[in-house]
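[1] my questions are about this predicted structure, shown below with the sequence.
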Amino acid sequence: VEWYRKAAEQGHAIAQYYLGVMYHNGRGVDKNHLIAVEWFRKASEQGHAIAQRKLGLMYEYGYGDDKNKSTAVEWYRKAAEQGHAIAQYYLGVMYHNGRGVDKNHLIAVEWFRKASEQGHAIAQRKLGLMYEYGYGDDKNKSTAVEWYRKA
């Protein structure tokens, strides 16, 4: 913890992220979600995509701060736009369910597809469901089966 803290205090984004993880999980330090959010935010503001996704989760579920689904979407989007597959999937879920954004199945399909094309199996399954039931696009059972097979 000591070395992560030294590097984090010098602005090292990866160390800031890992220090956030330590506080979030209570590894080597007392569990403290408020401090975890602070470290995730510092790493996120430097463009660390994994920290951005993690910060989105913290806001979505209210760890260390009030639940704020629209702020969660902002952080998921920043990570997703950098190509982070898990964040792309989470952003698709937010659009599919209308959490923090207006429900929009077309946009959900776009984000599920981006994550799916990177091999994210859960996104592939979700994309299959979107095609099977016609969310955001016409029903297409054969395309649904293709995505289910990839998953």
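    Arrived safely, thanks for sending.
[2] got a list of what residue 6 touches?
    Counting by CB atoms under 8 Å, 6 or more residues apart in numbering, residue 6 makes contact with residue 15. Heads up, the C-betas are built off the backbone N, CA and C, glycines and all.
[3] same deal with residue 62?
    Contacts of residue 62 by CB under 8 Å, 6+ apart are residue 68.
[4] what does residue 15 give?
    Contacts of residue 15 by CB under 8 Å, 6+ apart are 3-8.
[5] which of these sits closest to residue 82?
    Nearest to residue 82 out of those is residue 8 (CB to CB; 20.8 Å).
[6] what sits against the closest one?
    Contacts of residue 8 (CB under 8 Å, 6+ apart): 15-16, 18-19, 39, 42.
[7] on that earlier part again, now the contacts of residue 15 in CSV, with pLDDT, distance to residue 51 and secondary structure?
    Output for the contacts of residue 15, formatted as CSV (pLDDT from 0 to 100; distance: CB to CB, whole Å; DSSP: H, G, I helix; E, B strand; the rest coil):
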residue, pLDDT, distance to residue 51, secondary structure
3, 96, 18, helix
4, 96, 13, helix
5, 97, 16, helix
6, 98, 18, helix
7, 98, 14, helix
8, 98, 11, helix
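[8] which among these gets closest to residue 28?
    residue 4 (8.6 Å).
[9] what about residue 72, how many residues nearby?
    Residue 72 has 25 neighbours, counted by other CB atoms under 10 Å.
[10] hmm, it is touching residue 52, no?
    No: the pair residue 72 / residue 52 is not scored as a contact, 10.5 Å apart, by CB atoms under 8 Å.
[11] tell me the SS of the residue nearest to the spatial centre of the chain?
    For the chain, the residue sitting closest to the mean C-alpha position, by CA atoms, centre = their mean, is residue 87 at 3.0 Å. For residue 87, the assignment made with DSSP: H, G, I helix; E, B strand; the rest coil gives helix.
[12] now do the contacts for residue 106.
    Neighbours of residue 106 in contact, by CB under 8 Å, 6+ apart: 136-137.
[13] what helix or strand is it on?
    Assigned by DSSP states H and E, residue 106 belongs to helix 105-117.
[14] returning to what we had before: for the contacts of residue 8, work out which two are farthest apart.
    Every pair of the contacts of residue 8 checked by CB to CB; the farthest is 18 and 42, at 11.8 Å.
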